[in-house]
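In: Compute the structure for the input listed below.
(4 chains)
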2 protein chains.
Amino acid sequence: MTPDPRELLRGAGLRLTAPRLAVLEWLGRHPHSTAEHVADGVRERLGTVSTQAVYDVLNTCSRLNLVRRIEPAGHPARYETRTGDDHHHLVCRRCGRAEDVDHVHGAAPCLEPPNSAGFTVDRAEVVFWGLCGDCQLPPRNEEPPA
Amino acid sequence: MTPDPRELLRGAGLRLTAPRLAVLEWLGRHPHSTAEHVADGVRERLGTVSTQAVYDVLNTCSRLNLVRRIEPAGHPARYETRTGDDHHHLVCRRCGRAEDVDHVHGAAPCLEPPNSAGFTVDRAEVVFWGLCGDCQLPPRNEEPPA
DNA sequence: CTCGTTTTCTTGACTCATTCCAGAAAACGT
DNA sequence: ACGTTTTCTGGAATGAGTCAAGAAAACGAG
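Out: Purely as a prediction, here's the structure:
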């Protein structure tokens, strides 16, 4: 289902450039990467790419909804190509790792804009905080109880 | 219901200091302030207080659950003294202003930790994004349609 | 396929919110 | 009143991301 980056870019009226293709392809394969991850991945296959170029691609594509940006409190932003469905995320409060969470109850459950004090609500975001598998074993002082 | 800062600090085993009292009092009166707001408010009544002191107070109190920190994506953190109940927030995506939202449906609706890929989920956070009253009038080019 | 225009990329300086550090100054138990 | 411990000050530093100006690619027309 991972759509061809070429298609995506054309569909959005963007020029096809090596950095863009590489970023989208990388993200398709590695969802929830940070900008730094993306930069690394992209450089691995293209050689030299400026950090700014990566941010440009990421920002442009976010704006056009080719990618979605997640910004977990206290961690650098992460990006994914799964857009369009408003799925939620599971985030590790220690390492920032993120995973997708499909809507729990059939449709949008608590997404009903509440009596919103003058606000125009257009989206509800749900983040489940916890510890990922790797970060659950942190008490690394494993002295056997006396 | 706003509890006495003095009580709170003592209850948490913290020393009573001018910056702490001032921060807590300010926050009680101005929920969802940013660190900068708090610093301004505190200085207004104490004269000189270092930025670091404000952050220290805020961090210490967050850790001890005397205050709660909200970190809306793309905006500086905001703080409030309403802790203990897991209410949600309404955030203006333009100016970052935040308002409280009591649980929409009786209990926690989609707060059920999903089948969490190895994660230990301990909290669900819901943010309603939109535009606050002041930010809804932004299209300031009000040419009448030709 | 060559040119010109427009978009994108590179480089490097810079911002902002926040933290780190070391020493000075307050709290408070005795 | 004192000494220990916690907290505050001042200033440098960090990390993630942005801004800005010029060089380099895309691509549509000829």
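
In: Tell me who's in contact with the most centrally placed residue in chain A.
Out: Nearest to the mean C-alpha position of chain A, by CA atoms, centre = their mean, lies A:Tyr79 at 2.7 Å. A:Tyr79 makes contact with A:27, A:31-35, A:38, A:58, A:62, A:67-70 under the criterion CB atoms under 8 Å, 6 or more residues apart in numbering or on different chains. For every residue, glycine as well, the C-beta is placed using N, CA and C.

In: again, only this time at 7 Å
Out: If a contact means CB atoms under 7 Å, 6 or more residues apart in numbering or on different chains, then A:Tyr79 has A:27, A:33, A:38, A:58, A:67-69 as its contacts.

In: Repeat that for A:Gly133.
Out: For A:Gly133, the contact set (CB under 7 Å, 6+ apart) comprises B:Gly118.

In: what do you get for A:Arg45?
Out: A:Ala22.

In: Three-state assignment for it, please.
Out: Assigned with DSSP: H, G, I helix; E, B strand; the rest coil, A:Arg45 falls in the helix class.

In: Just the pLDDT at it, thanks.
Out: pLDDT, A:Arg45: 96.

In: Then A:Pro144?
Out: pLDDT recorded at A:Pro144 is 36.

In: likewise A:Arg29?
Out: pLDDT for A:Arg29: 97.

In: Check the one 4 residues further on too.
Out: Note on A:Ser33: pLDDT of 98.

In: Equivalent analysis for A:Arg69, please.
Out: Model confidence at A:Arg69, given as pLDDT, is 97.

In: returning to that earlier point: the residue nearest to the centre of chain A should be in a strand, yeah?
Out: Yes. Assigned with three-state DSSP, A:Tyr79 falls within a strand.

In: residue contacts, the closest residue in space to it that isn't next to it in sequence?
Out: Once flanking residues are discounted, A:Tyr79 sits nearest to A:Val67: 5.1 Å by CB to CB, 6 or more residues apart in numbering or on different chains. A:Val67 is in contact with A:27, A:58, A:61, A:79-81, A:83, counting by CB under 7 Å, 6+ apart.

In: how about 8 Å then?
Out: Contacts of A:Val67 (CB under 8 Å, 6+ apart): A:24, A:27, A:58, A:61, A:79-81, A:83.

In: Same list, those, but as TSV with distance to DNA strand D please.
Out: What follows is the contacts of A:Val67, written out as TSV (distance: CB to the nearest atom of the strand, whole Å):
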residue	distance to DNA strand D
A:Leu24	14
A:Leu27	14
A:Leu58	7
A:Cys61	12
A:Tyr79	9
A:Glu80	14
A:Thr81	17
A:Thr83	18
